[in-house]
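K.L.:
Next one to model:
(2 chains)
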Amino acid sequence: MADEPQVIDQPASKEIIAPGYTFGTVTDQIAAVVLTKKTPPLFWLGSFAVGFGLLLLFLLAVAILMVKGLGIWGLRSPAMWAWDITNFVWWVGIGHAGTLISAILLLLNQQWRNSINRFAEAMTLFAVACAGMFPVLHLGRPWLMYWLFPYPNTMAIEPNFRSPLVWDVFAVSTYATVSLLFWYVGLMPDLATLRDRTTDRFAKFFYGILSMGWRGSAKHWAVYETASLLLAGLATPLVLSVHTVVSFDFTIGIVPGWHSTFFPPYFVAGAIYSGFAMVLALAIPLRSAYNLKGLITDKHLDNAAKVMMATGLIVGYSYILEAFTGWYSGNVYEEAAIWNRMTGMYKYHYWTLVACNVIAPNALWFKKIRSSPVILFIWSIIVLIGMWLERFVIIVASLSQDNLPSSWGRFESTRWDWATYLGTIGLFLFLFFLFIRLLPMISIFEVRTLLPQAKVKEEQPR
Amino acid sequence: MKKSIYGVMAEFETPTALVNAARAAREKGYRKLDAYTPFPIEELSDALHLHKNRLPLIVLIGGIIGGISGYLLQYYISVIQYPLNIGGRPLHSWPAYIIITFELTILFASLSAVFGLLALCGLPMPYHPTFNVPRFALASRNRFFLCIESTDPLFDHDKTCEFLETLEPREVSEVAH
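P.N.:
Here you go, the predicted model:
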């Protein structure tokens, strides 16, 4: 009877949090990143500078887009969707890992999520913000974007609810809202910690207002726990639905190479795959720069790499299924679409994405690779590139060569395509590193619950 | 007659000590008490009998309202206000309405979860008497507090303080209004 708890307790807690932490040291270490008066580390300054520089590029690209119109991008008939929608799908997909970590792993009672969920959720929010830029800018007249929503208007026109593009508006805006709420609810107790820890009057006011006067009352915690469980339960079907709806943008159309039923699960798996790559790409440098290896341990990287590999294998399977469906359909257009992808104008893109998404993830079978942060970082970048290419090939290769050969054409990107895309990476980095500086990047109260001291020891009844 | 206070508060160093103290206080008959901790403790909710709350009901109602209004919104717009004939499909093409109905269900349910949480907790509340205790700032770091409020029928300043002292706290302090 005595050795049972030992067997259960020891390995789990040792790997997801380094031994020797106390409630106080955990709090101080995470809060210090935000509350310090010192200049942030070089890593932060460098990343923030790059982000800010690219953000300025984004503003320039958008300003020119507004003045000159969509022609500055490489969009030409027949490829009227290209980098913009590619980037949109890529960014939304990246966001999915944050919700998976915060919601699905909470429901599955995976405690290792506690120390990575906060920044992963922030990543979700900022990725969705970047994603939202593209469909809006692609409208041509972005200042009329509110026409996408049904509202009483003097023009007496309304959206067509049978269009997947309208579904997308609702899915993505709901996703952004719910992610923000979930993230904020998770932040409340930590904002109270910062309010109580800071010595700066302005910071005390700022965090005090944001924490809403949270005081850690047991009555509040009881409701709070119910709320996070319910929000997790709501966010789980939501996150799966978002990329499903994004895939409907394609599958509902009859363009060869788009019109198939396996797109929703294929897209969701791809989303989680690229999202975990982004989580790794952010976590690995962060934990080194801020000396957080005791909180974001090798176990976290290992687990994230495993999820990445599993979803990567699903994505690889989907490519095989895609080729099979094209062949088995017996439809000349479907066959041609697959054949064009593999051997046509975009064959280099296609085979690079196969290398990135089908061959590369198999390296993660080896524990040696999963336990080397540097290799994992490189691998996550490979995956991000691979997933971007995947979306590009699905969209552009199918549109460039559809049913009518006389209307075929080749898409060429312009420097403004690049500027807008790099610009949103800048927006992402800018927001993310502001977050790192202003809010606790690891959920302090959830990490406290991981400590062995947090367990209530049942003594003799008395 | 002493000047009125909010209650008395004992500070503990471990969650176990707090849970035991909360149990003892309940056993002693105190009902108006609350504990303050840096993280949620399940045993504490047991000890203070806090397991039932109305949040799930609020979320359910929010979700149902969201779903119904999402569907009706689409029905009203597509069938009554702005009927569009697209390929001769019926105006009331319900399978196409499922997605937005689902999204609005989730949206309304989540909004009611968050606003329900705030309402049930009485937040935002920038001021609370417990903040008057200087050491209470540690309730968001590493200390565990039990507060017996003066509105409790059994509350008596000296006796309650004495009782709290028997629980071996680190410190017992008064909570001014």
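
K.L.:
in chain B, what spans have low per-residue confidence?
P.N.:
Counting by pLDDT under 70, chain B contains low-confidence ranges at B:1-3.

K.L.:
how about the helices in it?
P.N.:
Residue ranges of the helices in chain B, as given by DSSP state H, are B:15-28, B:42-47, B:55-75, B:94-121, B:157-166.

K.L.:
Likewise for the stretch 301-450 of chain A?
P.N.:
Under the criterion DSSP state H, counting those that start in this stretch, the stretch 301-450 of chain A contains helices at A:332-343, A:347-354, A:367-370, A:373-392, A:398-400, A:415-438, A:444-448.

K.L.:
hey, which of those is tucked in deepest?
P.N.:
Of the helices of the stretch 301-450 of chain A, the one with the most neighbours on average (mean count of other Cβ atoms under 10 Å in any protein chain shown) is helix A:444-448, at a mean of 26. (Each C-beta comes from the backbone N, C-alpha and C, glycine too.)

K.L.:
thinking again about what came up before, and the helices of the stretch 301-450 of chain A as CSV, adding mean pLDDT?
P.N.:
Converted to CSV, the helices of the stretch 301-450 of chain A look like this (pLDDT from 0 to 100):
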stretch, mean pLDDT
helix A:332-343, 90
helix A:347-354, 93
helix A:367-370, 88
helix A:373-392, 93
helix A:398-400, 90
helix A:415-438, 94
helix A:444-448, 90
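
K.L.:
Can you spell out the domain ranges of chain B, please?
P.N.:
In terms of domains, chain B is parsed into B:5-52+B:124-176, B:55-121 (source: automatic domain parsing).

K.L.:
now the ones you listed as a markdown table including mean neighbour count?
P.N.:
As requested, those are arranged in a markdown table below (neighbours: other Cβ atoms under 10 Å in any protein chain shown):
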| stretch | mean neighbour count |
| --- | --- |
| domain B:5-52+B:124-176 | 19 |
| domain B:55-121 | 18 |
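
K.L.:
any chance of the ones you listed in a markdown table, plus distance to A:Pro159?
P.N.:
Converted to a markdown table, the domains of chain B look like this (distance: least, Cβ to Cβ, whole Å):
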| stretch | distance to A:Pro159 |
| --- | --- |
| domain B:5-52+B:124-176 | 36 |
| domain B:55-121 | 8 |
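
K.L.:
show me the contacts for B:Ser150.
P.N.:
Contacts of B:Ser150 were listed using Cβ atoms under 8 Å, 6 or more residues apart in numbering or on different chains, and they are B:4-7, B:157.

K.L.:
again, but for A:Glu334
P.N.:
Here A:Glu334 is in contact with A:256-257, A:259, A:325-326 (Cβ under 8 Å, 6+ apart).

K.L.:
who wins for neighbours among those residues?
P.N.:
Using other Cβ atoms under 10 Å in any protein chain shown as the neighbour criterion, A:Gly257 leads the contacts of A:Glu334 with 24 neighbours.

K.L.:
give the contact list for the nearest residue to A:Ala127 once chain neighbours are set aside.
P.N.:
Excluding the flanking residues, the one nearest A:Ala127 by Cβ to Cβ, 6 or more residues apart in numbering or on different chains is A:Gly95, at 3.9 Å. Residues near A:Gly95 by Cβ under 8 Å, 6+ apart: A:123-125, A:127-128, A:131, A:175, A:179, A:271, A:275.

K.L.:
Quick check: the gap between A:Gly95 and A:Val89.
P.N.:
Using Cβ to Cβ, to the nearest Å, A:Gly95 is found at 11 Å from A:Val89.

K.L.:
Kindly report the same for A:Trp365.
P.N.:
Using Cβ to Cβ, one gets 28 Å for the distance from A:Trp365 to A:Val89.

K.L.:
Also B:Ser69?
P.N.:
From B:Ser69 over to A:Val89 (counting by Cβ to Cβ), the distance is 29 Å.

K.L.:
which among the contacts of A:Glu334 gets closest to A:Thr39?
P.N.:
A:Gly257 (51.3 Å; Cβ to Cβ).

K.L.:
hang on, isn't B:Phe131 packed against A:Ser217?
P.N.:
No. With contact defined as Cβ atoms under 8 Å, B:Phe131 and A:Ser217 do not form a contacting pair (11.9 Å).

K.L.:
Enumerate every residue touching the residue nearest in space to the middle of chain B.
P.N.:
By Cα atoms, centre = their mean, chain B has its centre lying nearest to B:Cys121, at 4.1 Å. Contacts were defined as Cβ under 8 Å, 6+ apart; by that measure B:Cys121 touches A:217, A:219-220, A:223-224.

K.L.:
Any part of stretch B:34-49 near chain A?
P.N.:
Yes. For stretch B:34-49, a contact with chain A is found by Cβ under 8 Å from any Cβ of the partner chain, at B:34-41, B:43-45, B:48.

K.L.:
By mean pLDDT, which helix or strand of chain A comes out lowest?
P.N.:
In chain A, the helix or strand scored least confidently by mean pLDDT, DSSP states H and E is helix A:3-16, which has a mean of 47.

K.L.:
what does the very next helix or strand once past that helix rub up against?
P.N.:
The helix or strand immediately downstream of helix A:3-16 is helix A:23-35, counting by DSSP states H and E. The set of residues external to helix A:23-35 that reach it, using Cβ under 8 Å, 6+ apart, is A:193-194, A:197-198, A:200, A:203, A:290, A:292, A:295, A:436-442, A:444, A:447-448, A:451, A:453-454, B:38, B:140-142.
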